[in-house]
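Peer 1: Just to be clear, the model below is a prediction. Sequence and coordinates:
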Amino acid sequence: MALLTLNRIQLAYGHVALLDAVDLALESGERVGLIGRNGTGKSSLLRIIAGQRQADDGTVTRQSGLTLACVEQEPLLEEQQTVLETVAAGLASGARALLDYENAVARVAGGDVEALDELARAQGALEAVGGWTLASRLETALDRFGLDGEARVGALSGGQKKRVALARAVVAEPDVLLLDEPTNHLDFEAIRWLEDMLQNWRGSLLFITHDRAFLDAVATRIVELDRGRLRSYPGNYTAYRLRKQEQLEAEQIENAKFDKLLAQEEVWIRKGVEARRTRNEGRVRRLEALRAERMARRERVGEARLQVDAGERSGKLVAELEHVSKSYGGRSIVLDFSATLMRGDKVGLIGPNGAGKTTLLKLILGEIAPDSGNVRVGTNLQVAYFDQMRSQLDLELTVADTISPGSEWVEIGTQRKHVMSYLGDFLFAPERARSPVKSLSGGERNRLLLARLFARPANVLVLDEPTNDLDIDTLELLEELLEDYAGTVFLVSHDRVFLDQVVTQTIAFEGGGVWREYVGGYEDWDRARARNPKGAPSGARPVASPAASPSIEPAGKRAAAKATNKLTYKEQRELEALPGQIAMLEAEQARLSLELSDPKLYQAQGPQAQALQRRLGALEGELITHYARWQELEDRASAAGAA
C-alpha cells in the first residue's frame, strides 16, 4: 500500500497550470528523483506533499501516523539557536531530554558541583526515551556533515545552514524524507556520505536534484514534471534518458500526424461552395474537436541558447606560479605550489568547503600577493566572475535592467540583440523580463547571472558553483558552451559529471595547504587518489621549472616505458572485443528499461518485475567496469604508440 497518494492535484499561477491534475503514489522503500525545468513547480509540489501549502484542487492522502521531514532549497532556521539545538529539534520528544543532559554535562565539566543532581535527573530522563541511541544519532549527524554543535546558526554561511537543515531532517529518521536540492553547497565527501546514507535509507525518499551522478546513485524511480504533467520512469537517471528519448521521438511523430490531419481538414472546410454542398455535420464537429485539441496541446518548453564572447585573445600564458605559499592566521592555505596555466586551459578546482579554493584562484589571477614564491600573470586578461552567492544581483532591479541598464540592446561579439530577445535565449518570457529579480526562483537567478556574465566580453571565466539550481537541460547546454569556449575557464564545482564534461585538468586539495595538479576531471582525480592514497599521486602532472629546457629521456628509459605500456596479445584481443560487448550490454539495458516502463508488468508479474530491476542494476555496474577497462587499455595503447 502506498504511504502517500496525490490525486488530481491542480496548481496554477495566473493562467499557467504548473500542476495539471497530476497523480502520484509513493511506495514504502522507494527513492524517487523528481526532475524538470526550473520554474515548473517541483518545489511547490514538494511543499504540497509536506503539507506546507494547499493545492488549488485535488487531494493528498497519507497513511495514519506517517512522519515526514522536509529540507527546502533555502531552509529557514532560528538564527539565535546553536547548531546542536537546531539539529536536536529533529528528535522531537527526545530533543529536550538530550539537550538538558548535554547542558548538565557541560556544567559539571566546568566545575559546577551543584549540577551533579541535575545531571542525574537528566540522565534518567534521557534513558526513559532511549536517549543513548538518540545521542549517538545526533553525534553521527553532526560529525558526518562537519558541523560544530556550539556554533550559532546566525553566524553560518548559506552552505553550512543547508548542512544543518539536512542533519536535522536525517536525525529524525522519518517515514518519508523530502529533499529539495540536497547536494547544493556540499563538498564531495559530504555528497558521497549522503549517497551512502540514502541508499541504505529504511524509509521512503522523494528528492529534487539536478546532480546527475547523485540521481544515478540514489534514485530507484525518476518522476519528471513536464508541461504540468507527471511522468514516471523506473530505474535511475541513465535508464530514464533512454526511455525519455524514445518517448520524445514518438511524441514528435504523433504530433506531426495530428497536424497533417488538421491541415487537411482546414483545407477541406475552406473549399467554398463545393464543400458546403458535400460536407456533413459529423465531419464539421470532428474539425472543431481537432481545433480544440490542438489549442489544448502544451508544447515542449524551448531550449536555452547560450553564447559567450571570448573578447580579445589573452597572451599564451595565463599564469605561472613558482613555489607559492599563502597563510592566514597561522593556517597554511597554499603551500609550495607550482603550476603553469596556458590560454584555453579548462581548470577544475577540487577541495572541501573552506579548503582555500577562492584564495588559490586569487593568487593565480594576481589579485592577492603570495607570502613567498613568485606569480607571473599573463597579458590582456579580461576576467568575468560567476558568484555562487549571487551577490552581483540587485534584487530590486528588473530582469531586463540587470542585463542592460539604461539600454534596450545587448552586444555579443559582432551581434547586436534586443534585450528581450537575449533574455529569451535564457528562457525568460517578456513578462518575466519585466519582473523584479527578487521574484525569481533560485534556478532562474542562476540563469540570469549566466545571462549577465555572458553579455560581457571575457577571455577568462571564473565560475564558482555555476551548476547550483540549474536544470539538467541548461546544465548540458552550458557544458557544450564551455567545451567550445576559446578562452580559459576556472571552475569550482561539486557536480562530478559537469567537471568530467568540461575540465581538461584539475587542481586538487591534498590537505595541509598542499595542492596538486592532475590531468583530466573528477573521475581521473578519483582514480589516481584511489591508486595512491598517501604518497605523491600517480596521476599528478609534473610541473617543470620555466627556466629549465625540456628534459630528454635516455633512449633505454623510453624503450623500457614503451615495453611496459605495450599491450599483450591477449589484451589486444580484449580491447578489440570490448566495444561489441558494451554495445550488447547497452542494448539489453534499453530493452529492460522498455519492459519495466509497461504498467501491465507490475500488475500481472510482480516477481518478474523485481528480477528485471535487479538485472538492470547489475547491468549498470557491468557497463561501468567495461568502460573503465576499455579506457585503461586505450590509454596504454595510445601511450605505447606515442613512446
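Peer 2: Received, thanks.

Peer 1: Which neighbouring elements make contact with the helix or strand encompassing P579?
Peer 2: Here P579 sits within helix 569-596, counting by DSSP states H and E. Using 3 or more CB pairs under 8 Å, 6 or more residues apart in numbering; DSSP states H and E, the elements in contact with helix 569-596 are strand 229-234, helix 237-269, helix 606-642. For every residue, glycine as well, the C-beta is placed using N, CA and C.

Peer 1: looking at these, which is closest to E588?
Peer 2: Proximity to E588 (CB to CB) singles out helix 606-642 among the helices and strands packed on helix 569-596, at 6.2 Å.

Peer 1: I figured E574 hits L633, correct?
Peer 2: Yes - between E574 and L633 there is a contact at 6.7 Å, judged by CB atoms under 8 Å.

Peer 1: could you measure the closest residue to R456 other than its chain neighbours against T474, distance?
Peer 2: Nearest non-adjacent residue to R456, counting by CB to CB, 6 or more residues apart in numbering: A384, 6.0 Å away. Distance, A384 to T474, by CB to CB, to the nearest Å: 18 Å.

Peer 1: between the two, who's got more neighbours?
Peer 2: Shown here are A384 and T474; by other CB atoms under 10 Å, T474 has more neighbours (23 against 20).

Peer 1: next structured bit after whichever helix or strand that one is part of?
Peer 2: Using DSSP H and E, T474 sits within helix 472-484. Sequence-wise, the next helix or strand downstream of helix 472-484 (DSSP H and E) is strand 488-492.

Peer 1: Which elements pack onto the helix or strand just after that following strand?
Peer 2: Scanning forward in sequence from strand 488-492 by DSSP H and E, the next helix or strand is helix 496-502. Contact here means 3+ CB pairs under 8 Å, 6+ apart; on that basis helix 496-502 packs against helix 212-218, strand 346-350, helix 472-484, strand 488-492, helix 522-531.

Peer 1: Let's have those in TSV, adding distance to F426 and mean pLDDT.
Peer 2: Listed next are the helices and strands packed on helix 496-502 as TSV, based on distance: least, CB to CB, whole Å; pLDDT from 0 to 100:
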stretch	distance to F426	mean pLDDT
helix 212-218	21	93
strand 346-350	22	93
helix 472-484	8	83
strand 488-492	19	92
helix 522-531	27	86
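
Peer 1: Pipe the ones you listed into TSV and attach distance to R629 per row.
Peer 2: Output for these, formatted as TSV (distance: least, CB to CB, whole Å):
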stretch	distance to R629
helix 212-218	19
strand 346-350	25
helix 472-484	25
strand 488-492	28
helix 522-531	12
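
Peer 1: Quick check: which of these is nearest to V399?
Peer 2: Here helix 472-484 is closest among those (CB to CB), at 16.0 Å.

Peer 1: Which positions within the closest one qualify as buried?
Peer 2: I472, D473, T474, L475, E476, L477, L478, E479, L481, L482 (16 or more other CB atoms under 10 Å).

Peer 1: How about stretch 79-91?
Peer 2: Quick answer for stretch 79-91 (16+ other CB under 10 Å): Q81, T82, V83, L84, E85, T86, V87, A88, A89, G90, L91.

Peer 1: Stretch 373-380 too?
Peer 2: G373, V375, V377, G378.

Peer 1: what about that stretch, average pLDDT?
Peer 2: Mean per-residue pLDDT for stretch 373-380: 90.

Peer 1: chain center to it: distance?
Peer 2: Distance of stretch 373-380 from the chain centroid (CA atoms, centre = their mean, to the nearest Å) equals 34 Å.

Peer 1: do the same with stretch 580-594
Peer 2: 26 Å.

Peer 1: how about T86, secondary structure?
Peer 2: helix (DSSP: H, G, I helix; E, B strand; the rest coil).

Peer 1: Identify the residues contacting it.
Peer 2: Residues counted as contacts of T86 (CB atoms under 8 Å, 6 or more residues apart in numbering) are L77, E78, V153, V164, R168.

Peer 1: Could you tell me what pLDDT the model assigned to it?
Peer 2: 88.

Peer 1: Now do the contacts for S325.
Peer 2: S332, V334, L335, D336, F337, P370, D371, S372, G373, G513 are the contacts of S325 under CB under 8 Å, 6+ apart.

Peer 1: Now the phi/psi pair for the spatially most central residue of the chain, please.
Peer 2: Centroid-nearest residue in the chain, with CA atoms, centre = their mean: D211, separated by 2.6 Å. Backbone dihedrals for D211, given as degrees, to the nearest 10, come out at phi -80, psi 110.

Peer 1: so what's it scoring on pLDDT?
Peer 2: At D211, pLDDT is 91.

Peer 1: pLDDT (mean, whole number) over stretch 444-454?
Peer 2: 80.

Peer 1: What of stretch 352-368?
Peer 2: Mean predicted lDDT for stretch 352-368 stands at 88.

Peer 1: For that stretch, measure first residue to last.
Peer 2: In stretch 352-368, first residue to last residue: 21 Å (CA to CA, to the nearest Å).

Peer 1: R53: how many residues sit nearby?
Peer 2: R53 has 13 nearby residues by other CB under 10 Å.

Peer 1: and it, what pLDDT?
Peer 2: Confidence score, pLDDT, at R53: 90.

Peer 1: Which of the three states applies to it?
Peer 2: coil.

Peer 1: Could you pull up the residues touching it?
Peer 2: Here R53 is in contact with S44, R47 (criterion: CB under 8 Å, 6+ apart).

Peer 1: Could you check how far it is from K161?
Peer 2: On the measure of CB to CB, R53 and K161 end up 22 Å apart.

Peer 1: just the helices in the stretch 1-150 of the chain please.
Peer 2: Using DSSP state H, counting those that start in this stretch, the helices of the stretch 1-150 of the chain run over 42-50, 83-88, 93-109, 115-128, 131-144.
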